[in-house]
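This is the structure alone, sequence omitted:
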Ligand code: AMP
C-alpha cells in the first residue's frame with residue numbers, strides 16, 4: 001500500500017509516518033529529511049538548496065522528483081509513505097508516472113486537517129531526535145529528562161530545525177496555500193482523498209489514519 005500524507009507544515013505528518021513505519025513496516029519517504037541530509041553532508045545539491053530551505057521556499061520540482069525516483073528503485077517494504085511530497089501539481093503528476101513505471105499504485109491520500117493558529121504553536125515548540133528523527137513538542141511531548149529518546153532508546157541530542165522559526169514558517173505556510181493546497185482538489189477529483197482531523201491527540205490521529213488504511 002502506497003500513501004501520501006498531505007498537510008501544512010506542523011500538521012503531524014512526520015509523527016504519523018514514524019508510527020506507520022514502526023507498526024506496518026512501511027517506508028517513509030520524506031523529501032524534507034532527504035534535503036536536510038544532503039545539506040548536512042555538504043553535497044553540491046545540499047549547498048544549493050540550503051538557502052531556499054532556510055527561507056521556507058520550495059526547492060525545484062526537478063530536485064525532489066529526482067530524489068523520489070531514486071528511492072522508488074530500492075526496497076519497497078510494506079509500501080511507501082510519501083511525506084512532504086508531492087508539494088506541487090507537477091510533482092503529483094510526476095509521482096503518478098513514476099509509480100506507474102515501476103508497476104505500483106497510489107492507494108490513498110490522507111489529508112491531515114489542522115487549524116493555522118495551532119501550527120505556529122506546534123512548530124515553534126518542536127524538536128527532533130538527531131538519531132531517529134522522532135518528533136517532540138515542549139508542551140505535548142517533552143524531551144525525556146534523561147535525554148534518552150523514547151522511540152530509538154538512544155541517548156542523543158534533540159535539535160530544532162533551522163526553518164522552525166516564525167518568519168520561515170509564515171513563508172512555508174504561504175507556499176503551502178499557493179502551491180500545495182491545490183493537490184487537495186486534484187486527489188479529490190481522482191477519488192483518492194481521505195481527510196482526518198489532525199488536531200486530536202497523537203493516538204487519536206493514529207486511530208483515524210488506521211481506520212482509513214484498514215477500510
Ligand atoms: P519539510 O521537512 O517537509 O517541512 O520540508 C522542509 C523544506 O524542504 C521545505 O520548506 C522546502 O524548502 C523543502 N522541501 C521538502 N519537500 C519538498 C518538496 N516536495 N518540494 C519542494 N521543496 C521541498
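All right, it came through fine. Note that the coordinates shown come from a computational prediction; the quantities given were computed from them, not determined experimentally.

tell me the secondary structure for residue 4?
Residue 4 carries the three-state label strand when classified by DSSP: H, G, I helix; E, B strand; the rest coil.

Could you count how many residues lie near it?
Applying other C-beta atoms under 10 Å, we find 26 residues neighbouring residue 4. For every residue, glycine as well, the C-beta is placed using N, CA and C.

Stretch 5-13: end-to-end distance?
Taking C-alpha to C-alpha, to the nearest Å, the first and last residues of stretch 5-13 lie 6 Å apart.

how about that stretch, does it reach the ligand?
Yes: between stretch 5-13 and the ligand, judged by C-beta under 6 Å from any ligand atom, the touching residues are residue 9.

The protein: helices as residue ranges?
Using DSSP state H, the helices found in the chain span residues 13-24, 31-41, 44-55, 61-72, 89-101, 116-124, 166-175, 182-189, 202-214.

Which pLDDT value goes with residue 85?
Taken from the predicted model, the pLDDT recorded for residue 85 is 98.

Report the contact partners of the nearest residue to it once chain neighbours are set aside.
Beyond its immediate neighbours in the sequence, the residue positioned closest to residue 85 (C-beta to C-beta, 6 or more residues apart in numbering) is residue 31, lying 4.2 Å away. Residue 31 sits next to 64, 67, 68, 83, 84, 85, 87 when contact means C-beta atoms under 8 Å, 6 or more residues apart in numbering.

ok, now residue 22?
residue 151.

With respect to burial, which of the helices of the chain scores highest?
Across the helices of the chain, the average number of neighbours (mean count of other C-beta atoms under 10 Å) peaks for helix 13-24, which reaches a mean of 20.

Spell out which parts of this structure neighbour the ligand.
Residues of the chain lying close to the ligand by C-beta under 6 Å from any ligand atom are 9, 31-32, 35, 52-53, 56-59, 64, 84-85, 87, 91, 163, 172.

ok, 8 Å please
By C-beta under 8 Å from any ligand atom, the part of the chain that sits against the ligand consists of 9, 13-14, 30-36, 49, 52-53, 55-61, 63-64, 83-88, 91, 161, 163, 168, 172, 175.

Mind pulling up the pLDDT for the residue nearest to residue 85?
Per-residue pLDDT puts residue 31 at 98.
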